[in-house]
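Novice: structure, please.
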Amino acid sequence: MKAVVLKTFGGIENLCYTEIEKPEIKANEVMVKVKAISINPVDVKVRSRLAPLAEDLAKSQPLILGWDISGEITEIGDAVTHLTIGDEVFGMINFPGQGRAYAEYVAAAADELALKPQNISHTEAASCTLAALTAWQAFNSYGKLRPTDRILIHAASGGVGHFAVQIAKYIGAHVIATASAANRDFVLGLGADEDIDYRNTAFEKVLSPVDFVLEAIGGPNFQKSVQVLKPFGTIVTLPSGHTKADELKAEEKKLHACYFMSVYSSGQDMYYLASLLEKGVLRPHISHVFEFDEIGKAHLQLETGHTVGKVVVKL
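Specialist: Numbering: from 1, shown residues only. Have a look, this model is predicted:
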């Protein structure tokens, strides 16, 4: 089968197209013929050796990046009873282990997949995996977002952010989003109640206290976010870096703080997201679609740091 192997850490020139053997499935796994994959910032960081999990992944060769897939089941493990050959499924595979999604076929644990809703394409389904799971788990596993909460969502036009806005509104929260002026209409269209242009406005100086912050920027943005949180509020940070001083600031306000939230594979959560997609509550925004032989271009797009929504590769 065709696959993209990362020969060594570094630039996109190290993403090498090659032919390898199809994987063998275990009793609890299914074989998925991949129709589309989603590319995430973590893919780029692992490729560049900037993500902590890169070292662990390097121990398993060949190193094939990617975790987000949508496709069709072609084989079923002996212990799998709730899925059948021909089912269309999607999910985030084996994160933070090696998902091996950059390939024509992927062996996936059955309990990490959900049936793809019929009202969305494989391209759309692939985009609603790691990023959507991150937003969902931030509000339901790492923090508990309540319908009465005022929430500040940073980078609201990005992959995680645009799902977070929609999920927070579905929960019933009052959503304040930070985004550039160019993306104001986009985030308001997602359901945000307020938008702050982070380039021209210091949010910490204009915002009244909030109950919850989803922090995706890192650096000084963490302490600025702490300033606008109510005592005993909640801040959940995506993997963006923090310091001991940041932790002390959070402790001073007796905040519920989750540092370096790590999304995890969950078929149960995927089924919940599938229900929201089926109802039209959750809508992915895909800004770029690339062919399988353009994965390098997909990585370069994410490296710009200004991608609106998601980047998907179709097979």
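
Novice: please count neighbours and contacts with C-alpha atoms only from this point.
Specialist: Will do.

Novice: and for Gly71, the neighbour number?
Specialist: Other residues near Gly71 come to 29 when the count uses other CA atoms under 10 Å.

Novice: could you number the chain from 392 rather than 1 from now on?
Specialist: Sure thing, new numbering starts at 392, so read that last one as Gly462.

Novice: doesn't it fall inside a helix?
Specialist: No - counting by DSSP: H, G, I helix; E, B strand; the rest coil, Gly462 is not part of a helix but strand.

Novice: quick one: pLDDT of it?
Specialist: Note on Gly462: pLDDT of 98.

Novice: OK, contacts around it?
Specialist: Val423, Lys424, Val425, Lys426, Ala427, Glu479, Val480, Phe481, His513 (CA atoms under 8 Å, 6 or more residues apart in numbering).

Novice: got a list of what the fourth one touches?
Specialist: Contacts for Lys426 were tallied using CA under 8 Å, 6+ apart; they are Ile460, Ser461, Gly462, Glu463, Glu495, His513, Thr514, Lys705, Leu706.

Novice: spatially nearest residue to Thr399 (excluding sequence neighbours)?
Specialist: Ranked by CA to CA, 6 or more residues apart in numbering and with sequence neighbours excluded, the top spatial neighbour of Thr399 is Asn405, at 6.0 Å.

Novice: and the pLDDT at that neighbour?
Specialist: 97.

Novice: quick check on it: phi, psi?
Specialist: Main-chain torsions, Asn405, degrees, to the nearest 10: phi -90, psi 0.

Novice: how much space between it and Ala547?
Specialist: 31 Å (CA to CA, to the nearest Å).

Novice: which one of the two is surrounded by more residues?
Specialist: Using other CA under 10 Å as the criterion, Asn405 and Ala547 rank with Ala547 on top: 31 against 16.

Novice: that one contacts Ala572, correct?
Specialist: No - Ala547 is not in contact with Ala572 according to CA atoms under 8 Å; the separation is 11.8 Å.

Novice: show me the shaky parts of the protein.
Specialist: Applying pLDDT under 70 to the chain flags residues 631-632, 651.

Novice: and the residue nearest the centre of it?
Specialist: Closest to where the C-alpha atoms of the chain average out (CA atoms, centre = their mean) is Ala522, at 1.8 Å.

Novice: that one belongs to a strand, doesn't it?
Specialist: No - counting by three-state DSSP, Ala522 is not part of a strand but helix.
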